[in-house]
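1. How does the following fold in three dimensions:
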Amino acid sequence: MSFSGEFHQAAARTIDALSSLKADWMIIGAIPVAAWGQARATTDADFAASLDFADADKLDQAALAQGLRKEKGPIEIPQKRLILSKYWDPETSIGIDVFYTTGYITGDFQKQALKRKKEVTFDGRTYPIVSPEDLIVYKVLAYRQKGLDDVGTVLERQFLNLDWAYIRAWSDKVGILGLLTDVVTQYLQEQGLPIRMPWEP
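-> Below you'll find the model as predicted:
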């Protein structure tokens, strides 16, 4: 899978903005989906960063210095306690979302996820990306159809290699264990496998 040059350009500008703030960061969107599941076309780049939403003005200034335009934020995804700012790269038409590490339990999750990030190389460029376990938690937490489809591809490739105790623990903490159970149940049904949760003893 190759990503467009426009994607890499917009990602590089975002990385420069985050690096100027000395923020820890990782990509949580299309690249980890391609690495752990199945690649799909994308017109945006999603980042998680070790910034509090109180740092939003600093991030705005750093993004502007890299030629990125602010769309809105910080905003909270309703009922998800995920806070982000949205930007747009006018040169490449790539949208950029940066998720903040907040005081919520989701902030604690993101801090832990940043510690577990992996590195992957696409098109000769190496990026830190979210682990497959944390990617599943992010996607189920957001609970959008596109994201759930992404989870399905990750399960197809990684099911037997995942740290299910970790996934279950964080899903419980952020309040999505029921949703996770539904997603895993549907996957097992589609695969014709016994309906038994992989975190059960």
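2. Val98 should be in a helix, yeah?
-> No: looking at Val98 with DSSP: H, G, I helix; E, B strand; the rest coil, it is strand, so not inside a helix.
3. which phi and psi does the residue most central in space within the chain have?
-> The residue lying closest to the centre of the chain (C-alpha atoms, centre = their mean) is Ile28, at 2.6 Å. Here is the backbone geometry of Ile28 (degrees, to the nearest 10): phi -120, psi 10.
4. With Asp150 as the reference, measure out to the closest residue to it other than its chain neighbours.
-> Residue nearest to Ile28 in three dimensions, not counting chain neighbours: Val130, with 4.5 Å by C-beta to C-beta, 6 or more residues apart in numbering. All C-beta spots, glycine's among them, are computed from the backbone N, C-alpha and C. From Val130 across to Asp150, the span is 12 Å (C-beta to C-beta, to the nearest Å).
5. Output the below-cut-off pLDDT ranges for this structure.
-> 1-2 (pLDDT under 70).
6. if you set the cut-off to 80 instead, what comes out?
-> Low-confidence segments of the chain (pLDDT under 80): 1-3, 40-42, 78-79, 103.
7. Strands along that one, start to end?
-> Using DSSP state E, the strands of the chain run over 25-27, 44-49, 69-77, 82-89, 94-99, 118-122, 125-129.
8. For Ala34, which of the ones you listed is the nearest?
-> Of all the strands of the chain, it is strand 118-122 that lies closest to Ala34, at 7.1 Å by C-beta to C-beta.
9. That closest one: how far from the chain's middle?
-> 14 Å (C-alpha atoms, centre = their mean, to the nearest Å).
10. for stretch 109-120, same thing?
-> 10 Å.
11. From one end of that stretch to the other, what's the distance?
-> 22 Å (C-alpha to C-alpha, to the nearest Å).
12. Could you pull out the buried residues of it?
-> By neighbour count on 16 or more other C-beta atoms under 10 Å, the buried set for stretch 109-120 is 109-110, 113-114, 117, 120.
13. for stretch 59-77, same thing?
-> 59-60, 62-63, 66, 68, 73-74, 76.
14. Report the two of those residues separated the most.
-> Gln66 and Glu76 (24.7 Å).
15. Please point out which parts of stretch 147-165 sit buried.
-> 147-148, 150-155, 159, 162, 164.
16. what about the helices in the protein?
-> 5-20, 30-36, 56-65, 105-115, 132-142, 145-158, 164-173, 177-191 (DSSP state H).
17. and the ones you listed as JSON lines, adding distance to Glu200?
-> Below are the helices of the chain laid out as JSON lines (distance: least, C-beta to C-beta, whole Å):
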{"stretch": "helix 5-20", "distance to Glu200": "39"}
{"stretch": "helix 30-36", "distance to Glu200": "23"}
{"stretch": "helix 56-65", "distance to Glu200": "42"}
{"stretch": "helix 105-115", "distance to Glu200": "22"}
{"stretch": "helix 132-142", "distance to Glu200": "17"}
{"stretch": "helix 145-158", "distance to Glu200": "16"}
{"stretch": "helix 164-173", "distance to Glu200": "9"}
{"stretch": "helix 177-191", "distance to Glu200": "11"}
